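>>> structure of the sequence below:
(chains A and B)
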Amino acid sequence: MSDAANQITLTIDGVEVSVAAGTTLLQAAEHAGVVVPHYCYHPGIPSRPAQCRMCLVEIEGQPKLQPSCVFPAGEGMVVHTTSEAAEKARQSVIEFLLLNHPLDCPICDAAGQCMLQDYAFETGQLRSRYAEAKMVLGRDRVADDILYFGDRCIVCTRCVRFMEDIAGDNALVVAQRGHKAYIDTFPGRDLDHAFRGNIVDVCPVGALVHEDFVFKARAWDMDAAPGICPGCSTGCNIEINVKENQVVRTKPRLNTEVNSYWMCDHGRRVLVMANRGVRAEAPMIRRAGELEPASWNEALAWVAEELGGSGGVAVASASVSNEALFYTRTLLNHLGIEGGTFEVEEGAEVTLAGFPKLKLRAERAPNATGAALHGYRRSEGLPEVVDGASLVVLGDALAEAPADYGANAGFFLYIGSHLPPAAGNATAILPAAAVPEMEGTFVNYEGRVQRFHRALRSPGVARPAWMFLSRLLEHLGEGTGVREIGDAFGVMAAGTEAMQGLTWGGLGLRGELLSEAGHPAVAAE
Amino acid sequence: MGYPYSHDLEVGTLLSRHLGDEKARTLAGWKELGGYASLPKALEMDPDAITEVVKESGLRGRGGAGFPTGVKWSFMPKEPNGPHYLCCNADESEPGAFKDREILRWVPHLLIEGCLIAARAIRAEHVYIYVRGEFFPFSGIVRDAVVEAYEGGYVGEDILGSGWNCDVTVHLGAGAYIAGEETGLMSSLMGGRAEPWIKPPFPAQSGVFGRPTTVNNVETLAAVPMIVAEGADWYRQWGTEKSPGTKLWCCSGHLQRPGTYELPLGVNLSDVIYEVCGGDPNGKKIKAVIPGGSSTAILTADELDCSGCYEGLAEAGSALGTASPIVMNEDTNIVQAMRRVAQFYAHESCGQCVQCREGTSWTAKILQRIEEGDGTFEDLDTLYHLCEQMTGRTICPLADSVVFPLRSSLDKFRDEYEALIER
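From the prediction side, this is the model:
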């Protein structure tokens, strides 16, 4: 019963909770379903200065209000988070914070998701008693791509402590002191850390804003979907913010197994940059030498008819979903095409000191493990196409290809979301939904199968590759077409040794590790 | 004896005997005056025995809080599993206080001896003397004394052949009032901003560089050699039961003879002001006194007949603090005085806690407005509200420091505020 011995029972706002010894009151309150308002406390940042004084609570028998973010739960403690004294103190903190705050919510990017705004509405007064002139600090730039609105800053120091505790880089400091205090880079230092963007996410108000995002979207005008960052093989869990079918921002989403609360700046840009490019919007088939649009029914029937089964080469991308890779593999098997290659761009690796599991990994694609798992071979450069042979291309593999690549192929099937010049040589183009436009899975560097959700509408009639490939295979007499991602995943899991036992629902938002049997990393040894 | 003036009250002359005597600054001169006599005795004592003597003497922290020094030392681990540190708090910045300054610049060796004995008691082998940045002009005196003490074998390795090592480092701060708060001092000493940290961890558990640390005031440490040499009972011949010993009083303001005086604790406060310091230089009436440095509650002229000791001034509704009465005569504008006090604290707030960061500057601005004649009666309510919300809400007591004088002045001199508002 050693566990029971380490349990502490206390009462918070009348709710009795049992927590492990060493739990703070703020965390214990969460167990009781009570959120204690706070600013300087962030669950991902270890240092707890207890300086915002927002989370003060009343503990029976204690003469003073205590900061719940650091005060340890004690046996039999009776805590009130909404007693008159606690409420009054909180109201007072809000009043203090608003003294010099510009109240520029109408143009502030944090409006709608601002902890100061929320608590001010919840606890604040309508009228300020402050009759003096407000301090004006103005706007500054703390990094090339991050703006600092000094007037909005409440000096909670989360950003400074993120850099210190997690990034391990003391580039940010509090400058000046007292009511003149503000955030600045250390004299002579630049804030150029590869994970600096997280300071914007931890900012509880609108003081730190990405220049990339500033004035772009109001919080309430954006949709959000859970995704997986396609920037490297770490597979950070992200939230994709969308306005008018454009990705305007990506933010990290908590997954303690993968990325904790953080993500790198490279990853933040990938999906935002992917808004651009020429998109494949409708199926195209080459009749009488010319590529012309066709309906899905027409195109799939035509491809099934024309596609010969006599070998050839295939190129895949490590940035497409497992389901697309799996159904393409099935198609290649049907066509008698062995192997298939994929290429992964490499870049410098950067580790996040305070959470070393999280790296911007050298492998700059989200699903290289998945591509290897489905039998594609890692290689450099594109395979040579023998005159008259078949060529199947999946994903963005031709972005850098010479314009005449594949022109000599007998049948060139292009399955992709964008149209690089070489795609113009295709015999048929099947327009695929890009990753943020569909549901699916990636396998990250450690073999974690993770789901991503749909954030955008596809242009034209582009569809997820697994969907139309399953129909194409049905035309070819292989299985039946699937319409639901769960079914596609089920077919894939059943046909993939390392995915035995995995279910779409079971992956949830945390993901599941591949079984060791059939894991490409294990198989390679 | 007082410095720079003498007076007739019967007092001990423990700390102040050699103030003003250049001879005391050098090692040779100091030894001639009988210095470094306690250290050999302390080196022969068990560390806990030193702590016990100091505990029995009833010596209380002279930095203002008055915590029993021996008790503080007894919090340090008895069996070190790594280095312990002693920090001598020479960041004297309380407006009105200038006692540590006199010790530092006239009798630095007295302080060094006290530091060594205290280090011995708490099993520390490194002492940091954290000197206020603004003391730069004479910080060389302290440094020179440390160098001489090293050369004389009083500091460093194998001190006086005892086999015990102890280093002393003089560290000059960068100028922040809050570096005088013990955790603020340690933050600053470690190279950070002088920002107090929330306790726990207490310094005796985890202080400088994460190691057990004791922080003592200059005057406290300077009293230690004599207590160790002469014993607890000897020290208790001065002062009261709860506040034994003598204290350096820093008297400033409208006084005929302002200065630093060593007086026994328990001396009548009005005697200090009228007898020792001679009252107002022009014979004007005294209006008010802030008795313990600017962070203590203000007393009216009628309240001065009280015992000048920790418990006596607490009874009178104020605090002994650093025993630094700031005396104001009948011409003083109390609102202006309070505005100045509030501005000081607004300037010195480290800016961590919201109540202090915003509250002190708001208070100063309101007081300034009242002083300029633009105040309202609602402002007085707001000031009371600020007093309430700035008390006991923050990591360190800086916010409370502005509340004590402010609230007491609002209570006792409300007519002055109202007169300015109505003007």
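>>> which residues are in contact with residue 202?
Answering for chain A, as no chain was given. By CB atoms under 8 Å, 6 or more residues apart in numbering or on different chains, the contact list for A:Val202 reads A:His42, A:Gly44, A:Ile45, A:Arg158, A:Cys159, A:Phe162, A:Tyr261. In short, each C-beta sits where N, CA and C put it, glycine included.
>>> wrong one, I was asking about chain B
Shown in contact with B:Phe202 (CB under 8 Å, 6+ apart): B:Phe75.
>>> over to it: give its phi and psi.
phi -80, psi 150 (degrees, to the nearest 10).
>>> from the contacts of A:Val202, which is closest to A:Cys236?
Lowest distance from A:Cys236 to the contacts of A:Val202 (CB to CB) belongs to A:Tyr261, with 10.4 Å.
>>> what residues go with each domain of chain B?
Under automatic domain parsing, the residue ranges defining each domain of chain B are B:35-235, B:246-329, B:334-422.
>>> redo those domains as TSV? Include mean pLDDT and distance to A:Leu103.
What follows is the domains of chain B, written out as TSV (pLDDT from 0 to 100; distance: least, CB to CB, whole Å):
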stretch	mean pLDDT	distance to A:Leu103
domain B:35-235	96	28
domain B:246-329	96	34
domain B:334-422	97	15
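>>> looking at the chain, which helix is longest?
With no chain named, the answer covers chain A. Assignment by DSSP state H gives helix A:84-99 as the longest helix of chain A.
>>> ah, I was thinking of chain B
Criterion DSSP H: the longest helix present in chain B is helix B:354-371.
>>> next secondary structure after that one?
Using DSSP states H and E, the helix or strand that follows helix B:354-371 towards the C-terminus is helix B:377-389.
>>> now the stretch 51-200 of chain B against chain A: closest residue?
Chain A sits closest to B:Ile198 of the stretch 51-200 of chain B, with a gap of 4.6 Å, by CB to the nearest CB.
>>> what ranges do the strands span in the stretch 51-200 of chain A?
A:56-59, A:66-67, A:78-80, A:139-143, A:146-149, A:172-175, A:182-185 (DSSP state E, counting those that start in this stretch).
>>> least reliable of these going by mean pLDDT?
When those are ranked by mean pLDDT, strand A:139-143 comes last with a mean of 93.
>>> from the rest of the structure, what touches that strand?
The contact list for strand A:139-143, computed with CB under 8 Å, 6+ apart, reads A:147-150, A:172, A:183-185, A:190-192, A:196, A:199, A:208, A:211.
>>> check which residues of that strand are buried.
Neighbour counts using 16 or more other CB atoms under 10 Å in any protein chain shown place A:Val142, A:Ala143 of strand A:139-143 among the buried residues.
>>> may I have the strands that pair with that strand, each with its orientation?
Partners of strand A:139-143 in the sheet, by DSSP bridges, are strand A:146-149 (antiparallel).
>>> any idea how far the partner strand is from the middle of the chain?
Centre-to-centre, strand A:146-149 and its host chain are 23 Å apart (CA atoms, centre = their mean, to the nearest Å).
>>> contact partners of it?
Contacts for strand A:146-149 (CB under 8 Å, 6+ apart): A:108, A:139-142, A:182-184, A:191, A:196-197, A:199-200, A:206-211, A:214.
>>> filter those residues to the buried ones?
Neighbour-count burial (16+ other CB under 10 Å) applied to those gives A:108, A:142, A:182-184, A:191, A:196-197, A:199-200, A:206-210, A:214.
>>> ends of stretch B:73-84, what's the gap?
Using CA to CA, to the nearest Å, one end of stretch B:73-84 lies 12 Å from the other.
>>> what's in contact with it?
B:48, B:51, B:54-55, B:118, B:121-126, B:202, B:204, B:209, B:211-214.
>>> report the contact partners of the spatially closest residue to B:Glu157 that is not a sequence neighbour.
Distance criterion CB to CB, 6 or more residues apart in numbering or on different chains; nearest residue to B:Glu157, sequence neighbours excluded, is B:Asn165 at 4.8 Å. Going by CB under 8 Å, 6+ apart, B:Asn165 touches B:Glu125, B:Gly156, B:Glu157, B:Asp158, B:Ile159.
>>> now do the same contact list for the last one.
Read it as B:Ile159. Applying CB under 8 Å, 6+ apart, the residues contacting B:Ile159 are B:Leu39, B:Leu43, B:Leu116, B:Gly153, B:Asn165, B:Cys166.
>>> of the residues you listed, which pair is most distant in space?
Once CB to CB is applied, these give B:Leu39 and B:Asn165 as the farthest pair, at 13.8 Å.
>>> remind me what the helix or strand hosting B:Ile141 packs against, helices and strands.
Taking DSSP H and E as the definition, B:Ile141 sits inside helix B:136-151. Helices and strands touching helix B:136-151, by 3 or more CB pairs under 8 Å, 6 or more residues apart in numbering or on different chains; DSSP states H and E, are helix B:27-32, helix B:99-106, helix B:108-121, strand B:126-131, strand B:167-172.
>>> contacts only, for the spatially closest residue to B:Gln368 that is not a sequence neighbour.
Counting by CB to CB, 6+ apart, B:Arg339 is the residue found nearest to B:Gln368 once chain neighbours are left out, at 5.3 Å. By CB under 8 Å, 6+ apart, B:Arg339 lies in contact with B:Ala364, B:Leu367, B:Gln368, B:Ile370, B:Glu371.
>>> got it, and A:Pro63?
Each residue near A:Pro63 by CB under 8 Å, 6+ apart is listed here: B:Gly392.
>>> picking up where we left off before, buried ones among the contacts of stretch B:73-84?
Taking 16+ other CB under 10 Å as the criterion, what is buried in those is B:51, B:54-55, B:118, B:121-124, B:126, B:204, B:211-214.
>>> A:Ile45 contacts A:Ile166, correct?
Yes - assessed by CB atoms under 8 Å, A:Ile45 is found in contact with A:Ile166 at 6.6 Å.
>>> which of the two has more neighbours?
Using other CB atoms under 10 Å in any protein chain shown, the more surrounded residue of A:Ile45 and A:Ile166 is A:Ile166, with 26 against 22.
>>> pretty sure that one sits against A:Asn198.
Yes - proximity of A:Ile166 to A:Asn198 meets the contact threshold set by CB under 8 Å, at 7.4 Å.
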